[in-house]
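**Student:** Prediction below, plus the sequence it came from.
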Amino acid sequence: MSLGQDQAFYDAAMRRIYRNILILTVVSAIGAGLWKGAAVGFGVLAGGGGSYLIFYWFHRLAERLGEAHKPGSLTMAASFGFRYLLAGATGYVMMKYLGINMVAMVTGLVILAPAILGEIIYELIFLKS
């Protein structure tokens, strides 16, 4: 594979993973909402949104590590830490004051794993070399 083909393959895989996260989040939130009620459905939706955001942050971090011009390591570490602090504070506020179910939110956060596994299975089945 050439460098252009590698980049195209990588970009397509990232698009599929983002799409998988969105589809799994919506389907899981609707299913949980119908099964256990709206509060649980919103919890799964919030957790899935967090899962999407975390994957986006890691994706951006990986892209920035590969760039020629890198910010200082202290700047990158502070930015990385602040993002998780912000995500944790947001989750706390959502659970404490909005009454979102904690188990449902954590379930939504785990959606990232099956989304990536779905991409791996897709590549093994449909993209054989």
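**Tutor:** The structure has been received and is ready for your questions.
**Student:** mind listing what's buried in the helix or strand of the chain with the lowest mean pLDDT?
**Tutor:** Ranked by mean pLDDT, DSSP states H and E, the helix or strand of the chain with the weakest confidence is helix 73-97, at a mean of 77. Judged by neighbour count using 16 or more other Cβ atoms under 10 Å, the buried positions of helix 73-97 are 91, 94, 95. C-beta coordinates here come from the backbone N, C-alpha and C atoms, glycine included.
**Student:** Where is the longest helix in this protein?
**Tutor:** helix 3-36 (DSSP state H).
**Student:** Please identify the buried residues of that helix?
**Tutor:** Neighbour-count burial for helix 3-36 [16+ other Cβ under 10 Å]: 13-14, 16-18, 20-21, 24-25, 28-29, 32-33.
**Student:** Give me the below-cutoff pLDDT ranges for the chain.
**Tutor:** Residues of the chain that meet the criterion pLDDT under 70 lie in 1-3, 67-74, 76, 129.
**Student:** repeat that for 90
**Tutor:** Low-confidence segments of the chain (pLDDT under 90): 1-10, 39, 50, 54, 57-109, 126-129.
**Student:** in what helix or strand does the spatially most central residue of it lie?
**Tutor:** Among the residues of the chain, the one closest to the centroid is residue 52, at 2.8 Å (Cα atoms, centre = their mean). Using DSSP states H and E, residue 52 maps to helix 38-65.
**Student:** What is that helix packed up against?
**Tutor:** helix 3-36, helix 73-97, helix 102-109, helix 112-126 (3 or more Cβ pairs under 8 Å, 6 or more residues apart in numbering; DSSP states H and E).
**Student:** With respect to residue 56, which of these lies nearest?
**Tutor:** helix 3-36 (7.9 Å; Cβ to Cβ).
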